[in-house]
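Colleague: Structure for this input, please:
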Amino acid sequence: MAKEFVTRRRVAFAETDMAGIVHFANYFRYMEDAEHELWRSTGISVVHRREDGSLLTWPRVHASCNYRKPIRFEDEVEIGVRVSRSGSKALRFRFSFRLAGEEVAEGVLVAVCCLFRDGHLEAVPIPDEVLNRLTPYLEPADATPPDEAGA
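Modeller: Numbering: from 1, shown residues only. Here you go, the predicted model:
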């Protein structure tokens, strides 16, 4: 079983609407921040310069979020991240937003491994080094819920 990467953040006033509830778009920012923290915790970055000068990067091809209960100004939200493969070139990041242990939202980001060189992106297989570093967080291939299989 893959372990979950967990990070926490306190909701800032600027992240809320007039009712003091986190604006829906900020969940996507929270997901990206949690994803970047996961990358850093493994010793690599979401953007990596290779010896040939090209960049290994992860553009998003899918993003979604389901909201169950609001998160409010000054709440401390826990964000859990799990990773699964989506083919040989993509990773699916699944996020669980929790308040006091209760899941209040869930999200998904799918990112494709790409080389950026000479102004062009090219999808490439995920390098073994990346997979090896993410191994503790990688879910088994059959763990992806059916409703996300095409995402």
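Colleague: So which residues of the protein form helices?
Modeller: Assigned by DSSP state H, the helices in the chain fall at 24-41, 128-134.
Colleague: Measure how far the longest one is from the centre of its chain, please.
Modeller: Centre-to-centre, helix 24-41 and its host chain are 6 Å apart (C-alpha atoms, centre = their mean, to the nearest Å).
Colleague: Over to stretch 85-100?
Modeller: Relative to its chain's centre, stretch 85-100 lies at 6 Å (C-alpha atoms, centre = their mean).
Colleague: buried stuff in that stretch?
Modeller: 85, 86, 90, 91, 92, 93, 94, 95, 96, 97, 98, 99 (16 or more other C-beta atoms under 10 Å). Bear in mind the C-beta positions are built from the backbone N, C-alpha and C, glycine included.
Colleague: Stretch 24-42 too?
Modeller: Judged by neighbour count using 16+ other C-beta under 10 Å, the buried positions of stretch 24-42 are 26, 27, 28, 30, 31, 32, 34, 35, 38, 39, 42.
Colleague: Just give the closest residue to residue 24, not the sequence neighbours.
Modeller: residue 67 (6.8 Å; C-beta to C-beta, 6 or more residues apart in numbering).
Colleague: Spit out the contact partners of that neighbour.
Modeller: By C-beta atoms under 8 Å, 6 or more residues apart in numbering, the contact set of residue 67 is 24, 27, 104, 105.
Colleague: Do a quick rundown of the strands in the protein.
Modeller: 5-10, 48-49, 55-57, 60-67, 76-85, 90-99, 102-112, 114-117, 120-123 (DSSP state E).
Colleague: Indicate each strand paired with the lowest-mean-pLDDT helix or strand in the chain and its parallel or antiparallel sense.
Modeller: Within the chain, no helix or strand scores below strand 48-49, which has a mean of 84 by mean pLDDT, DSSP states H and E. Partners of strand 48-49 in the sheet, by DSSP bridges, are strand 55-57 (antiparallel).
Colleague: buried stuff in the strand it pairs with?
Modeller: 56, 57.
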